[in-house]
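S.K.: I would like the atomic coordinates for the input below:
(one chain, ligands or ions: 2)
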Amino acid sequence: MITNDQLFEASSLSLPGGVNSPVRAFGSVGGSPRFIRSASGATVTDVEGTTYVDLVASWGPALLGHAHPVVVEAVQQAAARGLSFGAPTAGETELAQLVIDRVESNGIRPLERVRLVSTGTEATMTAIRLARGYTGRDLLVKFAGHYHGHSDGLLAAAGSGLATLALPGSAGVTEATASQTIVLPYNDRAAITEVFAQFGDRIAAIITEAAAANMGVLPPEPGFNAFLATTAHSHGALLILDEVLTGFRVGPAGWWGLENSTSSAQEHRYLPDLITFGKVIGGGMPLAALGGRAAVMNSLAPLGPVYQAGTLSGNPLAVAAGLATLRLADAEVYRRVDAAAAAVSNATSAAFDAAGVAHRVQRAGSLFSFVFGEQFVTAAPKTYDDVQGQETWRYPAFFHAMQDGGVALPPSVFEAWFLTAAHDEAALGTIYEALPAAAQAAALATP
Ligand SMILES: Cc1ncc(COP(=O)(O)O)c(C=O)c1O
Ligand SMILES: N[C@H](C=O)CCC(=O)O
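M.R.: Ligands and ions are numbered 1, 2, ... in the order given. Prediction:
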């Protein structure tokens with residue numbers, strides 16, 4: 001039998017770091033990554049034949065669980081008709097219309113046009129180019145700890161793998177590009193006001209994760225996204241809401257829908273100009289999108305001067321997976337994901353309490369993660385600096401003990417945990433059984 005260790009040794013000879021995306025490499029938790037042979041429902045099985053209850057869900061897309069038979073069947077049928085045409089298909093219009101209709105709250109729909117692309121990185125990169133082209137301005141505002149993919153202008157003080165590897169940014173990004181991104185502390189209204197007072201006529205857009213989940217989960221303070229919209233709009237800038245991670249995962253209309261439908265305060269409601277999607281919209285296939293009102297979106301070529309293109313954009317297999325996934329993602333699916341997330345986060349928090357591990361559960365809808373340290377027991381973190389000050393060294397021991405107990409967690413304390421509609425009582429039972437020993441390992445860990 002080939003082992004994970006052997007495969008990692010072999011992959012490291014042909015792939016930089018043995019992986020095709022840095023967070024997969026187990027850099028901050030140590031050991032060899034699991035090489036996955038197959039996945040079904042709530043579980044993944046590695047090449048050694050060990051099956052784990054999976055709390056990564058392909059980093060979000062697997063909302064329904066892995067390899068949902070209806071989604072697989074839709075992809076198989078699409079594949080039989082041809083893999084890619086480089087020409088429009090009816091499915092692309094169906095998916096775009098489904099997205100336009102779904103993203104609705106209180107009778108308001110922020111999307112009139114949608115463009116399909118292949119990755120979240122492309123979606124945010126295009127949204128920024130579009131904002132610059134539409135406004136004729138150069139500067140972009142982003143928040144420290146937010147991750148929007150790996151395009152040059154977005155890697156400064158970014159979350160996800162850069163948080164995991166403690167990188168302030170990326171080599172290879174020119175000074176000229178970096179200087180066009182203004183990085184501000186999250187949830188800091190005074191910093192926004194100040195930067196707009198100084199550069200308001202040069203700022204094309206603010207980009208923000210709808211609810212931050214790439215420095216661990218860190219939701220915006222109530223009304224913060226609405227404040228961003230008001231500030232941007234009063235200076236002629238756009239608000240780009242990045243829902244690559246949260247879109248169609250935390251609710252049928254994403255974080256924007258959740259926030260706007262549950263917020264009782266009228267002043268907390270807002271309209272983003274552009275929204276980016278990825279992950280769930282492609283149901284596990286490479287598909288992402290950006291959308292907004294027609295006046296802005298029609299600046300894209302072929303109608304307007306902002307160029308964007310893609311040989312595989314709107315790929316028919318990816319569109320089939322996305323359509324099947326979104327059509328199945330009804331209220332009952334979200335109820336089950338929410339219930340599973342509440343059960344797992346509460347049980348994990350209780351296990352940490354029992355083991356004496358000071359922590360706080362961080363939640364944004366069904367997304368959650370944990371921050372470790374006495375300071376968080378009484379006060380929630382608000383910024384990237386806050387979460388970087390946590391006891392990160394507790395996580396590797398916890399992670400490996402959970403893995404020994406048959407549970408696959410995200411291999412970084414700075415990533416969200418993902419539940420699916422397939423996490424049934426048996427899957428939750430495996431997690432509950434693994435928790436006491438893992439929490440004990442976290443308690444005994446040392447810096
Ligand atoms: C909020 C957010 N935006 C953008 C991206 C980039 O998406 P992708 O990895 O598909 O390029 C991600 C995740 O990777 C993300 O979580
Ligand atoms: N945090 C990232 C996406 O949300 C993890 C996925 C990756 O970069 O491979």
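S.K.: Only C-alpha atoms from now on, for both contacts and neighbour counts.
M.R.: Noted.
S.K.: Can you pull the residues of the stretch 1-150 of the chain lying near ligand 1?
M.R.: Residues of the stretch 1-150 of the chain lying close to ligand 1 (Cα under 6 Å from any ligand atom) are 119-121, 147-149.
S.K.: who's in contact with the spatially most central residue of the chain?
M.R.: Relative to the mean C-alpha position of the chain, the nearest C-alpha, by Cα atoms, centre = their mean, is the one of L245, at 2.5 Å. Counting by Cα atoms under 8 Å, 6 or more residues apart in numbering, L245 makes contact with 60, 213, 277-280.
S.K.: Considering these, which is situated nearest to G406?
M.R.: G60 (19.7 Å; Cα to Cα).
S.K.: Spit out the contact partners of the residue in the stretch 251-400 of the chain that ligand 2 sits nearest to.
M.R.: Nearest residue of the stretch 251-400 of the chain to ligand 2, counting by Cα to the nearest ligand atom: K279, 8.3 Å away. By Cα under 8 Å, 6+ apart, K279 lies in contact with 59-61, 120, 244-245, 286-288.
S.K.: Return the subset of the residues you listed lying in strands.
M.R.: Counting by DSSP state E, those place A288 in strands.
S.K.: Which of the contacts of K279 fall within helices?
M.R.: Under the assignment DSSP state H, those contribute G120 to helices.
S.K.: mind listing what's buried in the top helix by length along the chain?
M.R.: Secondary structure of the chain per DSSP H: the longest helix is helix 331-355. Within helix 331-355, the residues that count as buried by 16 or more other Cα atoms under 10 Å are 333-334, 336-342, 344-345, 347-352, 355.
S.K.: Stretch 197-210 too?
M.R.: For stretch 197-210, by 16+ other Cα under 10 Å, it's 200, 202-210.
S.K.: follow-up on the earlier one: determine the set of other helices and strands touching the longest helix of the chain.
M.R.: Contact here means 3 or more Cα pairs under 8 Å, 6 or more residues apart in numbering; DSSP states H and E; on that basis helix 331-355 packs against strand 359-364, strand 367-372, helix 425-444.
S.K.: Can you tell me which residues in the stretch 151-300 of the chain are near ligand 1?
M.R.: Close to ligand 1, as judged by Cα under 6 Å from any ligand atom, the stretch 151-300 of the chain has residues 209, 242-245, 278.
S.K.: what about the residue nearest to E433 when sequence neighbours are not counted, how many neighbours?
M.R.: Spatial nearest neighbour of E433, excluding adjacent residues (Cα to Cα, 6 or more residues apart in numbering): G405 at 7.5 Å. G405 has 19 neighbouring residues, counting by other Cα atoms under 10 Å.
S.K.: what's the distance between G405 and I431?
M.R.: G405 sits 8 Å away from I431, going by Cα to Cα, to the nearest Å.
S.K.: All the helices of the stretch 1-150 of the chain, residue numbers only.
M.R.: With DSSP state H, counting those that start in this stretch, the ranges of helices along the stretch 1-150 of the chain come out as 4-14, 69-81, 90-102, 120-135.
S.K.: right, so of those helices, which gets closest to ligand 2?
M.R.: It's helix 120-135; of the helices of the stretch 1-150 of the chain, that one is closest to ligand 2 (Cα to the nearest ligand atom) at 8.8 Å.
S.K.: Out of the helices and strands packed on helix 331-355, which is the most enclosed?
M.R.: strand 367-372 (a mean of 25; mean count of other Cα atoms under 10 Å).
S.K.: now what about it, what contacts it?
M.R.: Contact with strand 367-372 is made by 213, 216-217, 250, 341, 345, 357-363, 387, 390-392, 394, 413-419, as judged by Cα under 8 Å, 6+ apart.
S.K.: do the same with stretch 15-28
M.R.: With Cα under 8 Å, 6+ apart as the test, stretch 15-28 has contacts from 8-12, 32-33, 160-161, 164-165, 396, 411-412.
S.K.: again, only using 10 Å
M.R.: With Cα atoms under 10 Å, 6 or more residues apart in numbering as the test, stretch 15-28 has contacts from 7-12, 31-35, 160-166, 392-393, 395-396, 410-413, 415.
S.K.: Could you confirm whether that stretch reaches ligand 2?
M.R.: Yes: contact of stretch 15-28 with ligand 2 (Cα under 6 Å from any ligand atom) involves 21, 23.
S.K.: now that stretch: how far from the chain's centre is it?
M.R.: In terms of Cα atoms, centre = their mean, to the nearest Å, the centre of stretch 15-28 is found 18 Å from the chain centre.
S.K.: would you put the C-alpha positions of it in PDB?
M.R.: Output in PDB follows, covering the C-alpha atoms of stretch 15-28 (Å, rounded to 0.1, in the frame of the first residue of the first chain):
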ATOM      1  CA  LEU A  15       5.300  20.100  -7.400                       C
ATOM      2  CA  PRO A  16       6.800  23.100  -5.400                       C
ATOM      3  CA  GLY A  17       6.100  22.100  -1.700                       C
ATOM      4  CA  GLY A  18       4.400  19.000  -2.900                       C
ATOM      5  CA  VAL A  19       1.000  20.800  -3.500                       C
ATOM      6  CA  ASN A  20      -0.800  23.000  -5.900                       C
ATOM      7  CA  SER A  21      -2.200  25.400  -3.300                       C
ATOM      8  CA  PRO A  22      -0.100  26.300  -0.200                       C
ATOM      9  CA  VAL A  23      -2.700  25.700   2.500                       C
ATOM     10  CA  ARG A  24      -2.900  22.000   1.600                       C
ATOM     11  CA  ALA A  25       0.800  21.400   2.600                       C
ATOM     12  CA  PHE A  26       0.100  21.200   6.400                       C
ATOM     13  CA  GLY A  27       2.900  23.800   6.900                       C
ATOM     14  CA  SER A  28       1.600  25.200  10.200                       C
END
